[in-house]
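Peer 1: sequence first, then the predicted structure:
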Amino acid sequence: MAIIGEIRKRSWIAVVVVGVALLAFIIGDFGKRGNKIPTNVGIVDGEKIPYVDYNAKLTERENMFKQQNQRELTSEERYELQNQLWNELVETHLYEKQYAKLGLVLSHAELNDMFYGDFVHPYVRQSFTDPATGIFNAQMVVQYINNYGNLPDENKLQWHELEEYVKKERLSSKYGTLIAKSFYTPMAMAKHLAKIENQSANVTYVKKGYNEIPDANVKLTDADYQKYYDEHKEQFKQEASRDLEMVIFPVAPTPEDLIDIQKDIYRVYGEFQTLKADEMAGFVSSESDKRFDTTYYRAGEFKPAALDSIVFNTPAGSFIAPMQIGDEWIQAKVLKFDSRPDSVKASQIVILSNKASQQIARTDADAKKLADSLLAELKKQPELFAQYVSTYSDDPQTKEKGGDLGWMSDKMLANEIGSKIVASNAGDIFVEKIPNDMGYFIVAVTGKTASQRKAQVALITRKIEASNHTNKQILNNANLLASQSRTIQDLEANAKKGNYSLRNADFVAEMAYQLPGLSNARSIIRWAFNKETKIGDVAPEVFMIDDKYVVVALKDIKEKGYATLEQVKTYIENPVKIDKKAEILIADMDKALAGTKEIGALAAKLQKPVDTVADVTFGAYYFGENGPEMSVIGKVAAMKQGEISKPIKGYNAVYVVKTETVSPVNPPKDAKMVALELEMQSQQKLRQISSVLREKGNVEDHRSQFNY
């Protein structure tokens, strides 16, 4: 006691020590972050999105996914949920500001109308339609709303999600309709366009292709690049991204590994064939990549397909010898064949004893007596089952459903009680003891699908992988390359010496998930976007992604805004050459045109043939066999009969065109029809609203700072 008292007296010392340690940790971390600890995952149009709020919503989504799918999320699914939530939050912030500016709201009456009135939202109708009758039950919606406070948390969350979706969808629809109605084509413009579109021209032309000038004859200057860059600058608008250079070391088994694996597989097969029945589960779970599975599978469900056909042609009790399928070794014993349904429907009454809870007074004997008594009554009057659930069942989850467990797949019924349910007929009622003597189930089998032949198999699978020795050797090679390469130039030189292939990944976005050849590369991407990482740096650590080791360098940083000329120079080289060639060809054709009014004479001077295209209209997409030459088509549509053009720079060549005849299109387009078509084309731009709002809203995504 004295010792405890002394500890209590001195407990303040521990508190101070812990406090100092925490403070030191916080200060240290604070210093590393440049005196700025982020608290927001992003900023949208000046409004901050707190990390706490985002993370709470993300946890909700992840929990809902786990409940619905009965498993953990994969890293890719988690990433998709993160992006989905982020995009929803961004759009909510952006659109709600627009709604507020325009005064768009949903009245209480309008909201009610979407849930149980005359204009029920399709999602609500789908959720509350009886699958048996196909009839929507508005009264059920009202009851659900009135009983909201008593619903389980999962149902509350689902209702909240539905309600929010319906609200957002209706406001978005109003906003989209408002914008769509704002598109207008003046009738004077429509008449002018109708006049142009209602004429068709037969033309002759001469062309000189860009391929006539060899690339080697075109000398580009910095001024040429700058001119093109200035004229097309809007095309080079970009989000922040990074260019990377990587050496990837796949961790693959050596020939020696493959021999060792095969030896071990046949060692296992030898032991497998000597096992007793009660040793099977433990042996399979210890020697296989997958645990022993008691599930019965029907034909077509075994993977891979080659195994499926072998199983159903092998007698029960027989072994399937080791075989290599893809990147796995597989061996098996066919344990049993049975005729089983795919699904069973059942209801239950749960009678618990005091071993399940101290709040329950009945003993195991009392619980057994009650269960047997109820079973006897139910066998006489099975219609009383729902009433007995309400009166006697200790399971609140199924009590409100009359004990109904719904349809359960055969795969869910692999335990002892599940097997008894599967073996029973529809209409059977029986009592089964709850594991650990906690009480008794009274189970009524209420439905079964048709039975099919199924197999239960003890399956041992082994993925063909590199040995620890091989893995270590590959990691050593990667570490050596990383340690000898402090700059990207070092990496390139050392990769060449070691005969390693370099792989590029350009325009990598900050929240990208994959890189070429790498499925989940978030750790590499976070490193590349770290403020401490500079152009030319090689990552000090070797990354392990999938079954590969990666040495990576940062080749370039592309900031949000306009790409620099140097960054796009390689990509614009070809169009700059085209511009230069066009200048040369236009000068040649202008010279040949001097004093010439006939297309034939021009062709003779240029030593080119005269070609023709019939029925050229303003709405045409192709200029004959020349493909989509929109500049040429636009010029032809504005020319008069008999007129000869100046040289026109096209996509593939420079053209001189003459309109031989101009005739009306039959039937002609009405100006009102042209106006309607233009408005419909304009309304297609509604899809761009989100991207426009994002650009205007200066969206900042800081999620990578929180290791998302």
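Peer 2: Cool, the structure landed.

Peer 1: centroid residue for the protein?
Peer 2: Centroid-nearest residue in the chain, with C-alpha atoms, centre = their mean: Glu80, separated by 4.9 Å.

Peer 1: name the helices or strands packed onto whatever helix or strand that residue lives in?
Peer 2: Here Glu80 sits within helix 75-102, counting by DSSP states H and E. For helix 75-102, the elements it packs on are strand 40-44, strand 47-50, helix 51-69, helix 153-180, helix 689-696, judged by 3 or more C-beta pairs under 8 Å, 6 or more residues apart in numbering; DSSP states H and E. C-beta here means a position set from N, CA and C on the backbone, and glycine is covered the same way.

Peer 1: can you give me the buried ones in it?
Peer 2: For helix 75-102, a neighbour-count test (16 or more other C-beta atoms under 10 Å) marks 78-79, 81-82, 85-86, 89-91, 93-95, 97-99 as buried.

Peer 1: now do the very next helix or strand once past it, average pLDDT.
Peer 2: The element immediately downstream of helix 75-102 (helix or strand, assigned by DSSP H and E) is helix 108-116. Average pLDDT, helix 108-116: 89.

Peer 1: in a strand, Val344, correct?
Peer 2: Yes - applying DSSP: H, G, I helix; E, B strand; the rest coil, one finds Val344 inside a strand.

Peer 1: I figured it hits Ala450, correct?
Peer 2: No - between Val344 and Ala450 there is no contact, the gap being 11.7 Å when judged by C-beta atoms under 8 Å.

Peer 1: tell me the pLDDT of Lys649.
Peer 2: For Lys649, the pLDDT comes out at 97.

Peer 1: can you check Glu465 too?
Peer 2: 95.

Peer 1: contacting residues for it?
Peer 2: Contacts for Glu465 (C-beta atoms under 8 Å, 6 or more residues apart in numbering) come out as Val251, Pro253, Asp257, Asp547.

Peer 1: ok, how many other residues are close to the first one?
Peer 2: As a burial measure, the neighbour count of Val251 was computed by other C-beta atoms under 10 Å and equals 17.

Peer 1: would you agree it is in contact with Ala466?
Peer 2: Yes - contact status for Val251 versus Ala466: in contact at 5.0 Å, counting by C-beta under 8 Å.

Peer 1: common neighbours of those two, please.
Peer 2: Residues touching both Val251 and Ala466 (C-beta under 8 Å, 6+ apart) are Ile474.

Peer 1: pass me the low-pLDDT residue ranges in this protein, would you?
Peer 2: Applying pLDDT under 70 to the chain flags residues 1-37.

Peer 1: enumerate every residue touching the residue of it most remote from its centre.
Peer 2: What lies farthest from the middle of the chain is Gly595; by C-alpha atoms, centre = their mean that is 63.6 Å. Listed by C-beta under 8 Å, 6+ apart, Gly595 has no contact partners.

Peer 1: same check on Leu518?
Peer 2: With C-beta under 8 Å, 6+ apart, Leu518 has these contacts: Ile248, Ile524, Ile545, Asp546, Lys548, Val550.

Peer 1: ok, the nearest residue to Met673 once chain neighbours are set aside to Gln567 distance?
Peer 2: Leaving out its chain neighbours, the residue that sits closest to Met673 by C-beta to C-beta, 6 or more residues apart in numbering is Ala194, at 7.9 Å. Using C-beta to C-beta, to the nearest Å, Ala194 is found at 45 Å from Gln567.

Peer 1: of the two, who's got more company?
Peer 2: Ala194 (19 against 16).

Peer 1: other SSEs contacting the host helix or strand of that one?
Peer 2: Using DSSP H and E, Ala194 sits in helix 187-197. Applying 3+ C-beta pairs under 8 Å, 6+ apart, we find helix 187-197 packed against helix 671-683.

Peer 1: can you give me the strands in the stretch 301-450 of the chain?
Peer 2: With DSSP state E, counting those that start in this stretch as the criterion, the stretch 301-450 of the chain has strands at 319-325, 328-341, 343-352, 404-409, 429-434, 439-448.

Peer 1: with mean neighbour count added, can I get those strands in TSV?
Peer 2: Shown next, in TSV, are those (neighbours: other C-beta atoms under 10 Å):
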stretch	mean neighbour count
strand 319-325	15
strand 328-341	18
strand 343-352	22
strand 404-409	15
strand 429-434	17
strand 439-448	22
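
Peer 1: closest to Leu480 out of those strands?
Peer 2: strand 328-341 (31.9 Å; C-beta to C-beta).

Peer 1: show me what the closest one is packed up against.
Peer 2: With contacts defined as 3+ C-beta pairs under 8 Å, 6+ apart, strand 328-341 has these neighbours: helix 255-272, strand 296-298, helix 305-311, strand 319-325, strand 451-463.
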